[in-house]
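Participant: The following block contains a protein sequence and its predicted model.
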Amino acid sequence: MLNLDALSQLKSLKKDIHASIPRHEGKVRATGGRYGFVNTDDNQQFFLSPDEMDKVLSGDRIAFKVEETKDGKSQAIIEKLISSSQDEFVGQYIVKGKGHFVSPDHPTFSRWVFVPPAQRSGAKDGDLVACKISQHPYPHGKVQAKVQEIIGQVSDRQIESNMMIRKWDLAGEFSEHCLNEAQALLSVMDEAISTESRQDLTSLNWLTIDSAMSRDLDDALCCEKTDSGWKLQVAIADPSCAIKPGSELDQEALRRGTSSYFADNMIPMLPSSLSEGAFSLLPQQVRPAVVCHLTVSEQGEILEYHLENALIESTAKLSYNQVATFLNEHDTSDSDDQLDDAIKPILSQLNECALALNNYRKTHNLVLDDRIEFRGLLGENGKIEQIISMERNAAHKLVEECMVAVNRSVAEFLSQQPHGLFIQHGGIRPERQGEARALVKEQLGLSSPEKIATLEGFIEIQQLIAAGDPSREDGQFELPLQAILARQLERSKFGSEAKPHVGMGLKAYTTFTSPLRKYNDLLVHRLVKSYLANAPVDAINESVLEQISQAQNNTRMAAWQAEQWLKAEWLLRQFNEEKNAASNKEGLKRAGHIVQINSGGFTVRLDDNGVEGQFEVRRNKEWKFDTKTMTHTKGDKTYRLEQPVTVTIASVIPVLRDIKFNLCE
C-alpha cells in the first residue's frame with residue numbers, strides 16, 4: 001500500500017506527464033474518406049483517425065492532445081467538444097431493415113445519420129428530407145437527426161430546384177409585409193420620381209436587348225456615330241429612387257442578395273410588381289433611370305463619361321436572337337423577328353461601338369475567351385429531354401461590352417470619391433505565386449517573372465501567351481499556360497477600396513448595371529446618386545458586403561447543383577438506354593476535354609453536351625501529379641488541362657450530382 005509521500009509523488013508525476021503532452025484547440029476538417037484533420041488557429045494541422053472522426057462533425061471546434069502513433073507520426077486525440085457548426089442538412093431517407101437513416105447531401109458529411117423512431121415525421125424510404133442534428137456524436141459516439149420536412153421524391157417535378165433552395169436556405173415567397181410595401185410604392189412612384197432632379201431623355205431611341213421571355217429589364221441602349229467615334233448612352237433602371245435603405249423591402253433584398261435563376265423557375269430579388277413592372281424598362285413606358293453618357297473614340301477608348309438622373313422611354317424590346325440575326329446580315333423580312341427600319345441603324349452603330357470597345361480591351365486590358373455553354377430543354381415532367389449548345393452570339397457580346405464600359409466608368413467615378421463599392425480581384429493566389437513565377441520563367445523565358453504579381457505584369461504575361469510561341473510552327477505552347485494560370489487565380493470579392501481587378505486587367509471595377517437583380521448594384525446606385533446630389537455618404541459596412549457575398553454564393557451553388565442534378569438524370573437515362581440497346585455494360589465511348597485537375601484526378605467535360613464528371617486517381621501510386629504544370633503522369637502518358645480524352649461512364653448518382661468516368665487509354 002502506497003504511503004502519502006508516494007501518492008503525492010505519483011500525483012505530481014501524472015501532472016508532469018499531462019503538462020508535457022502538447023494540447024491545442026482547432027477546427028475539424030473532413031475528407032472524402034473516413035479520416036480527417038484538425039487545423040489550429042496558428043495554421044498547424046493534425047491527423048484525426050477514423051475512430052476519432054466518428055466522434056465529431058466537420059466544422060466542430062475541439063480541444064485535443066497530440067500523441068505519436070507506433071510509426072512515429074503525430075495524431076490528434078479529442079478531449080473536449082467546444083462548439084459545433086453542423087446543425088441542419090438535407091439528404092435522402094434510407095430504410096435498411098429496422099434501421100432508419102438519412103444519407104446527407106453534404107461534401108464533408110459522408111456517413112449515414114440514424115433517425116430515432118420518435119423523430120421520423122412519417123418519412124419513407126427514398127424521400128428527400130430536411131433534417132436537424134438532434135444528438136451530436138461527442139460523447140455519445142452516434143450522431144442522430146430529426147426529420148423537419150419532407151421535401152419530396154426524386155421523381156417529383158421541380159424537385160431539383162426545390163431541394164437546392166432548401167439546402168442553400170434561399171428565400172421563397174415574399175412576406176405579406178413586403179408585398180404590401182411594394183404595392184404602396186406603386187401608388188407613390190410619381191411623387192418619388194418628382195423629388196429628384198431628372199433630365200428628360202424620353203425622346204431618344206432607347207432599345208432593350210434581353211432574352212425573349214425576360215421582363216426584369218435593367219438596361220436600355222442608345223448610340224450614334226460621331227466624327228471621331230461614338231456617343232454611347234446606357235440607361236440603367238433606378239429602383240433606388242423609391243426603395244429606401246432599412247425598409248422591409250430593402251432588408252429582404254439584402255437577405256436574397258440577387259435574383260435566383262433555375263432551369264424551371266426564378267426567384268426575384270424584388271417583388272415582380274417592381275422588378276418586372278414599375279422599375280423595369282419596358283417599351284412605351286416612361287421610367288426613372290440613371291444614365292451613363294460615354295464618348296468613345298474610333299479605337300474604342302472611353303474618352304469621357306458623365307452620369308445623371310433621367311427619365312427614359314424604351315422604343316422597343318428586342319431579343320438576343322433578333323439582334324444577332326440582323327447583325328449577321330440574315331434576312332428577317334419574312335420572319336417574326338422582323339425589325340423596324342428605324343431601329344436597324346442604331347443596332348449597327350451599337351455593334352460598331354461595342355467591337356471597338358472590345359478591341360481596345362484586348363489590346364490594353366484582358367478579355368476572356370468564349371466558352372460554349374449548354375442548356376437543358378425540359379419536358380412536361382420537368383426533366384431534361386435534350387441538351388443543346390448555347391454559343392454567345394453577337395448580340396450577347398454587344399450588350400456585355402456596353403455594360404462593361406459603364407461598370408468601368410462608374411468604378412473610376414467612385415475611385416475619386418471618399419467611399420465606394422468595388423469588385424476586387426487580386427490575381428494569382430499567394431500560395432501559388434512561386435509555382436506561377438517558375439512556370440512563366442521556364443515557358444516564356446522571362447528574366448523578371450515576379451512581375452506576374454502586379455496588374456501590369458499579369459496583363460503583359462497574358463498578352464505574351466495570347467501571341468503564341470514564336471519558336472513553334474503552330475504557335476502553340478507545349479503547356480496550356482492560360483488555362484493553368486486561370487486555375488491559380490483568387491476569387492473576386494467585394495471591397496470598399498478601389499483595388500485592381502487583375503482577371504479583367506483593370507485598375508478598378510464595379511457592377512452598376514443590374515440593380516433589379518443584384519443588391520450590390522443597388523448599393524452602388526445609392527452611392528453614385530448621393531455623390532451626384534452632394535449628399536453625405538457613409539462607408540458600406542464590411543458585414544453587409546460579407547452578407548451579400550454569402551447570399552450570392554449560395555444562390556450560384558443552388559442553381560448550379562440543381563442543373564447538375566438534372567444533367568446527371570439525363571445522362572443516366574442515356575447510359576441505361578445504350579446498355580439495353582447494345583448489351584454493352586460500359587456504354588458508348590464519349591469524347592471530352594479535361595477542364596479541372598488536381599492531385600486526386602481530373603474533371604472531364606463532354607464535348608457534345610457539356611456534362612462534367614470525375615476521373616479519380618486518388619490512392620493510386622501509379623499516377624504522379626506535378627502541381628506547377630498541373631499535369632498527371634502515368635508511365636509514359638500525360639494528362640493536362642484542355643487535353644482531349646475519351647471516357648465511358650463508370651457510375652451516376654443523380655441526387656448527389658455524382659458522375660464518375662472511366663478513362664479509355
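Facilitator: On my side now, so go ahead.
Participant: ok, now which ones touch Q285?
Facilitator: By CB atoms under 8 Å, 6 or more residues apart in numbering, the contact set of Q285 is E313, S314. No exception for glycine: its C-beta is placed from N, CA and C like everyone else's.
Participant: That one and F279, how far apart?
Facilitator: 10 Å (CB to CB, to the nearest Å).
Participant: What of C223?
Facilitator: C223 is 23 Å from F279, by CB to CB.
Participant: again, but for T631
Facilitator: T631 is 51 Å from F279, by CB to CB.
Participant: just to confirm, which helix or strand has the nearest residue to T40 once chain neighbours are set aside in it?
Facilitator: Ranked by CB to CB, 6 or more residues apart in numbering and with sequence neighbours excluded, the top spatial neighbour of T40 is G26, at 4.1 Å. Taking DSSP states H and E as the definition, G26 sits inside strand 23-30.
Participant: Sheet-wise, list the partners of that strand with their directions.
Facilitator: Strand pairing for strand 23-30, determined by DSSP bridges: strand 36-40 (antiparallel), strand 61-68 (antiparallel).
Participant: Only the buried residues of the shortest one, if you could.
Facilitator: When you say that, I think you mean strand 36-40. G36, F37, V38 (16 or more other CB atoms under 10 Å).
Participant: again with stretch 420-436
Facilitator: Using 16+ other CB under 10 Å as the test for burial, stretch 420-436 gives 420-428, 432-433, 435-436.
Participant: Take those residues and lay them out in JSON lines including pLDDT.
Facilitator: Shown next, in JSON lines, are those (pLDDT from 0 to 100):
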{"residue": "G420", "pLDDT": "97"}
{"residue": "L421", "pLDDT": "98"}
{"residue": "F422", "pLDDT": "98"}
{"residue": "I423", "pLDDT": "98"}
{"residue": "Q424", "pLDDT": "98"}
{"residue": "H425", "pLDDT": "97"}
{"residue": "G426", "pLDDT": "96"}
{"residue": "G427", "pLDDT": "96"}
{"residue": "I428", "pLDDT": "96"}
{"residue": "R432", "pLDDT": "94"}
{"residue": "Q433", "pLDDT": "95"}
{"residue": "E435", "pLDDT": "95"}
{"residue": "A436", "pLDDT": "96"}
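Participant: Identify those among these that sit within helices.
Facilitator: Of the buried residues of stretch 420-436, the ones assigned to helices by DSSP state H are Q433, E435, A436.
Participant: quick one: the second one and R487 touch, right?
Facilitator: Spelled out, that is E435. No. Look at E435 against R487 with CB atoms under 8 Å: they stay out of range, at 11.2 Å.
Participant: Tell me which helix or strand N321 sits in.
Facilitator: Using DSSP H and E, N321 falls in helix 320-327.
Participant: what's downstream of that helix, the next helix or strand?
Facilitator: Sequence-wise, the next helix or strand downstream of helix 320-327 (DSSP H and E) is helix 344-364.
Participant: which SS state does the residue nearest the centre of the chain fall under?
Facilitator: By CA atoms, centre = their mean, the chain has its centre lying nearest to R556, at 4.7 Å. Following DSSP: H, G, I helix; E, B strand; the rest coil, we place R556 in the helix state.
Participant: Would you mind measuring from it to M266?
Facilitator: Taking CB to CB, one finds R556 at 14 Å from M266.
Participant: returning to that earlier point: mind picking the one among the buried residues of stretch 420-436 that's closest to K621?
Facilitator: Within these, the smallest distance to K621 is 23.0 Å, found for E435 (CB to CB).
Participant: In contact with the closest residue to the closest one other than its chain neighbours: list those residues for me.
Facilitator: Nearest non-adjacent residue to E435, counting by CB to CB, 6+ apart: K628, 4.4 Å away. Applying CB under 8 Å, 6+ apart to K628 gives the contacts E435, A438, L439.
Participant: how about the strands in the stretch 201-350 of the chain?
Facilitator: Assigned by DSSP state E, counting those that start in this stretch, the strands in the stretch 201-350 of the chain fall at 206-210, 219-226, 229-237, 260-261, 266-267, 286-297, 302-319.
Participant: any low-confidence regions in this protein?
Facilitator: Residue ranges of the chain with pLDDT under 70: 1-21, 192, 330-337, 582-586.
Participant: can I see the domain layout of it?
Facilitator: 20-83, 88-153, 176-410, 427-489, 589-663 (automatic domain parsing).
Participant: in the sheet, who's paired with E313?
Facilitator: Beta bridges link E313 to V286 when assigned by DSSP bridges.
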